[in-house]
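**Q** sharing a model that was predicted from the sequence below.
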Amino acid sequence: MTLDILVCTINKGIVRIEEFLKPPQDKVRYIISYQYTEERYLDLIPENLKNRHDVTLYLYKGQGLSANRNLALEKATSDLVMYADDDERLCEEAFSVIFDTFEKHPEIDVAFFKASTYTGKPLKDYPEEEFDITQLPEDYSISTIEMVCRREKVQGKIRFDERFGLGTQFLTCGEEDIWMEDAIRAGLKMRYFPIKIFETSIELKKKLIYVDVGVQRSYGAQTYYRNGRKAWLICFKFAMKSSTAGLCHFWPMMKHLAEGIRYMQKNH
């Protein structure tokens, strides 16, 4: 069994890639998808990347994290694939955990694990027991860095929605929930395992739902993607509940949720 790690980075982020890489292993390969917005950033590419037999570097002019992940997946050839960003670090036991999990569970198409900050604090309130994922979890949110997929089950079949995510101007997050919805509709067999494989410095955008306009628009848009016209009532209730709890003002929240819904209606 082999693993491709799809590392997505942009512009100055390329200088952090060497810190991310583990010592070479026969069954592990790194596919680095490097987006750049100006030619000058190409001078930052570390020379050592060219000397690693287990590293392949692809260059793309443009931006958008969802697009970058899709580009990286197109280049994958191993049995398993997982996504990573340049500001993350794999745990020492990550590879053994991943290979062992998929060997013990041949029926699983996607496995989800845990991540923490560099100080060891869990990235979110993770469930303590493993369970099958047949719908979008309500008690915690899924992050891309936590998942490992069988390549043949996702390549050419499930993509990240490029209307969502970092690098976009309107819907700045939510691509993971859209991916999950597509995976569920496709009938993929998914399971969560309470084992940490990543450490990261990232801040979850979803936590900014009460203060960030882009996150609010994204919530409205992904709610429409999952529920169609029922999204209007769902978003109305969410805005009302949030304002009643003193977390935001109703009308600005509802306005931005509605902008997300209308965006999806106009941009199929």
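**A** Now that the structure is in, tell me what you want to look at. Numbers count the residues shown, from 1 in each chain.

**Q** would you state the helices of the chain in chain order?
**A** Along the chain, the stretches classed as helices by DSSP state H are 17-20, 65-74, 94-104, 151-154, 175-185, 213-227, 231-244, 250-266.

**Q** list the buried ones in the longest one?
**A** Right, the one you point to is helix 250-266. Met253, Met254, His256, Leu257, Ala258, Glu259, Gly260, Ile261, Tyr263, Met264 (16 or more other C-beta atoms under 10 Å). Every C-beta, even on glycine, is put in place using the N, C-alpha and C of the backbone.

**Q** so which of the helices of the chain comes closest to Thr200?
**A** Minimum separation from Thr200 across these (C-beta to C-beta) falls at helix 17-20, 10.9 Å.

**Q** by contact count, what packs against the closest one?
**A** strand 3-10, strand 88-90 (3 or more C-beta pairs under 8 Å, 6 or more residues apart in numbering; DSSP states H and E).

**Q** and among these, the most buried is which?
**A** Mean neighbour counts were taken over the helices and strands packed on helix 17-20 using mean count of other C-beta atoms under 10 Å, and the top value, a mean of 23, falls to strand 3-10.

**Q** starting at the chain centroid, how far to that strand?
**A** 12 Å (C-alpha atoms, centre = their mean, to the nearest Å).

**Q** what is the rounded mean pLDDT of it?
**A** The pLDDT scores in strand 3-10 average 97.

**Q** can you list the strands that that strand pairs with?
**A** Note on strand 3-10: by DSSP bridges, its sheet partners are strand 28-36 (parallel), strand 80-85 (parallel).

**Q** what's the closest of the ones you listed to Tyr60?
**A** strand 28-36 (5.1 Å).

**Q** ok so, going back, with respect to Met1, which of the strands paired with strand 3-10 lies nearest?
**A** Evaluated over the strands paired with strand 3-10, closeness to Met1 peaks at strand 80-85, with 6.7 Å, by C-beta to C-beta.

**Q** could you chop this protein up by domain?
**A** 3-204, 209-266 (automatic domain parsing).

**Q** work out the gap between the last one and the centre of the chain.
**A** When you say that, I think you mean domain 209-266. Chain-centre distance of domain 209-266: 21 Å, with C-alpha atoms, centre = their mean.

**Q** now do the end-to-end distance for it.
**A** 23 Å (C-alpha to C-alpha, to the nearest Å).

**Q** what about that domain, average pLDDT?
**A** 97.

**Q** for Leu80, which non-adjacent residue is closest in space?
**A** Leaving out its chain neighbours, the residue that sits closest to Leu80 by C-beta to C-beta, 6 or more residues apart in numbering is Leu3, at 4.5 Å.

**Q** my read: that neighbour touches Asp79, true?
**A** Yes. Under the criterion of C-beta atoms under 8 Å, Leu3 makes contact with Asp79 at 7.1 Å.

**Q** which of the helices of the chain is buried the deepest?
**A** Stretch with highest mean neighbour count among the helices of the chain: helix 213-227 (a mean of 23; mean count of other C-beta under 10 Å).

**Q** quick one: that helix to helix 175-185, angle?
**A** 10 degrees (axes from the mean of the first three to the mean of the last three C-alpha atoms, to 10 degrees).
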